[in-house]
Every structure is written in structure tokens, then in C-alpha cells.
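[1] Predicted model and sequence follow; I will ask about them next.
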Amino acid sequence: MTRISTGDAKVDTLIALARCAHIYDRHLEKKLAKYHVNRTEYYVLDILKENDGIMKLSELKDWLQVARHTLTLIMNSLEDKGLIERKLYSADRRSLQIHLKRKGQQYIERIIQDRQVIAYKLMSVINIEEAKAMNENLELLRLSLLKDAQIVS
């Protein structure tokens, strides 16, 4: 594989990051196949776990940045698999909350274990200090991308 060289270090870094993310996604998708969930369904389970197993449907829509119809299909699939359930939000009966069911919690915990194995394997070429610095820079980039999302839309 050839190294990226556009002559602009920032552009080269972003391209390299996208390529790394693509490779990571391929590894993750192989693991997800054994759980019969796709990457988007995995992200929903993961974000639900991070939010104590409960989120408003509108919050998930904002987080995933998908159309309402697409979100409905994702929720239908996860609900059919017994991983989540939809409930009316008690504070606003027009809103729905998504609840991570016990089976969904078990799924995401096993997937996270597999994700850890992938991460350690792929990140073994850098030390912990480099990983921490990279994580800080990636968080800055993530926040910038979220803030400037209208640039690409």
C-alpha cells in the first residue's frame, strides 16, 4: 500500500484516518455478522448502552443523522430481534423512548469484547502515550466535524 502524499499534511492525515476507519469497519463487520446485526444496529446498541439503556427516539435520530424512515427500519429490525423495545415517553406522550432489553445488553457486551480484541490488534503498533494523544486529536476533529457539518451537506 502506498503512503498518501498530497503535499498537505492535514489532508494526508484525514485521508489516512478514513482509510484506517474503513479497515476497522471491515474487521468489525465480520465480527458483527455472528451476532446478526449490521454496523448501524451495533451503533444504536452501543449508544443506548452508553446512555444507561434508554434514549428518546429523536435523540437517536440526531445521533445517527438518518432520515426518520431509515430510523424506523433500524428500530423495527432491532425490535424484531428482541434487542430493544419502544415505549411512550412519560414526560411527553407524543415521544417514544427506546429501551435496551436484557438480550440487547448481553449482545452489546459480547460485541464490545470482540471490539476490544480488534482494537488491541490494530492499535498494537503504537504505545499508550501515542494512543492518548491520537484520541485527544480525534476528539477535536470529531467536534469540529459536528460543528461544521453544514459545510458538507
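    Received, thanks.
[2] By mean pLDDT, flag the weakest helix or strand of the chain.
    Least confident helix or strand of the chain, by mean pLDDT, DSSP states H and E, is strand 92-100 with a mean of 84.
[3] buried residues in it?
    For strand 92-100, the neighbour count (16 or more other C-beta atoms under 10 Å) marks 96, 97, 98, 100 as buried. In short, each C-beta sits where N, CA and C put it, glycine included.
[4] list the contacts for the nearest residue to the second one once chain neighbours are set aside?
    Okay, so that is residue 97. Spatial nearest neighbour of residue 97, excluding adjacent residues (C-beta to C-beta, 6 or more residues apart in numbering): residue 89 at 4.7 Å. Applying C-beta atoms under 8 Å, 6 or more residues apart in numbering to residue 89 gives the contacts 56, 95, 96, 97.
[5] and the third one, how far is that from residue 48?
    In other words, residue 96. According to C-beta to C-beta, to the nearest Å, residue 96 and residue 48 sit 13 Å apart.
[6] Could you do the last one as well?
    Taken as C-beta to C-beta, the spacing of residue 97 relative to residue 48 amounts to 10 Å.
[7] where do the contact lists of these two overlap?
    Contacts common to residue 97 and residue 48, judged by C-beta under 8 Å, 6+ apart, are 54, 55.
[8] Quick one: mean pLDDT for the lengthiest helix in the chain?
    Taking DSSP state H as the criterion, the chain has its longest helix at helix 9-33. Averaging pLDDT along helix 9-33 gives 90.
[9] repeat for stretch 120-139
    93.
[10] Which parts of that stretch count as buried, going by neighbours?
    Judged by neighbour count (16+ other C-beta under 10 Å), stretch 120-139 contains no buried residues.
[11] how distant is that stretch from the center of its chain?
    18 Å (C-alpha atoms, centre = their mean, to the nearest Å).
[12] With stretch 115-130 instead?
    18 Å.
[13] Which residues does that stretch contact?
    Taking C-beta under 8 Å, 6+ apart as the rule, stretch 115-130 contacts 20, 23, 24, 27, 28, 31, 131, 134.
[14] In TSV: those, plus distance to residue 85.
    Shown next, in TSV, are the contacts of stretch 115-130 (distance: C-beta to C-beta, whole Å):
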residue	distance to residue 85
20	36
23	35
24	30
27	30
28	25
31	25
131	37
134	37
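[15] and the two most separated of these?
    31 and 134 (22.4 Å; C-beta to C-beta).
[16] Okay then, goodbye and thanks.
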